[in-house]
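Chemist: got a sequence here, can you model it:
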Amino acid sequence: MYSTNYQRSDKGETTLHCGIARTENVIVIAIALVTHGWGTAIAMAAQVATTKYTTSATFTSPSPFTSQLVAGVPKHTVAATMRSVMIGHTGRLRPSESAPAVTLPIAGSDARFAVRRIYCIGRNYAEHVREMGGEPALTPPVYFCKPADAVLPDGADFPYPPMSRNVQPEVELVVAIGRGGDRIPRETALEHVFGYAVGNDWTRRDLQGQAKRAGEPWDLGKGFDHSAAVGPIHPVAQVGHPCRGAIRLAVNGEVRQCGDLAEMIRGVADIIADLSAYVRLAPGDLLYTGTPAGVAPVLPGDHVECSIEGLGRLVNQVVESR
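Modeler: Below is the predicted model:
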């Protein structure tokens, strides 16, 4: 049976407890909260028929998100931030019988960004297409996915994966989706972005190569454990929409990849528009946007540092798998 309630403490804090069937409903309720207050939010929460997810969040009253709305931050961006806060505050927004949600830190905030799906685009820098044996003018975009629990945060060790002798890091710009949709027009695509991060698309190159030659999926070469390294999410309100700037990867202090975001064959808006024609994007999705040339193998003991101008660094140490 669905239930929801809220209570106020003698410190002026308000706590909302509610069952939520879908993550999209969290955003609807969050918008109601920041625009119309607790009464409307609770009334909307009560309309949800099934209790599949449970969350609890505490905020001071009045809501700190009201100032963001007054400052002109889009409601869907505020709602997405609030959704991440609701998840990160207690670490509880999960199916009752499955693993905890995967979340990432949001730069400049105590909030966290909950990851739903991870999409990646390949063949998006001309020189990388050439070093992989392709021709940019004749190469259509290729998409693949990684599981959400493959996320590897900044500072964590990267266990060298089994069944591979050629593991390569790939520095990439990562797009965090804050507003869902399908068949999104290119002209409005950037309105769906919550923020950006530095990413590393770890790849078992030998297994990927075998799959390519056999015409088989890339899952074991791309979607293995710890293969989606990503740093803190930087909200659009802080960094805008990066479309140029240095993107680099160094191993043990030696630069291997060095490019510029302006060299992407397809920009962020193009990727969102094209991908959303095939699948519906939703808040919490991460989009890895491709890597520049210079990819090469690493070994246990190597120190890998990825960086993008304006978005900081992502650092991981390669270690022996247990």
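Chemist: so who does the closest residue to Lys222 other than its chain neighbours touch?
Modeler: Take Lys222 and drop its neighbours on the chain: the residue closest to it by Cβ to Cβ, 6 or more residues apart in numbering is Phe144, 5.4 Å away. Placement of C-beta: from N, CA and C, glycine included. Listed by Cβ atoms under 8 Å, 6 or more residues apart in numbering, the contact partners of Phe144 are 119-120, 122, 217-219, 222-223.
Chemist: thought Ala296 was touching Arg256?
Modeler: Yes. The pair Ala296 and Arg256 passes the contact test of Cβ atoms under 8 Å, sitting 5.6 Å apart.
Chemist: neighbour-wise, which of those two wins?
Modeler: Neighbour tally, Ala296 and Arg256, criterion other Cβ atoms under 10 Å: the higher count belongs to Arg256, 19 against 13.
Chemist: quick one: the more buried one and Ala214, what's the gap?
Modeler: For Arg256, the distance to Ala214 (Cβ to Cβ, to the nearest Å) stands at 28 Å.
Chemist: now Asp302
Modeler: Computed as Cβ to Cβ, the Asp302 to Ala214 distance reads 29 Å.
Chemist: so which residues of the stretch 101-250 of the chain form strands?
Modeler: 103-105, 112-114, 118-122, 142-146, 151-153, 157-159, 167-168, 171-177, 193-201, 203-204, 228-230, 234-235, 246-251 (DSSP state E, counting those that start in this stretch).
Chemist: count of residues packed around the closest residue to Gly221 other than its chain neighbours?
Modeler: Sequence neighbours aside, Gln208 is the residue nearest to Gly221 in space, at 3.1 Å (criterion: Cβ to Cβ, 6+ apart). Using other Cβ under 10 Å, the number of residues around Gln208 comes to 21.
Chemist: distance check, Gln208 against Ile184.
Modeler: 29 Å.
Chemist: which one of the contacts of Phe144 sits in the busiest neighbourhood?
Modeler: Counting neighbours by other Cβ under 10 Å, the top entry in those is Cys120, with 27 neighbours.
Chemist: so what's it up against?
Modeler: 143-146, 172, 201, 222, 287-288.
Chemist: over to Val198?
Modeler: 171, 173-174, 230-231, 306-308, 311-314.
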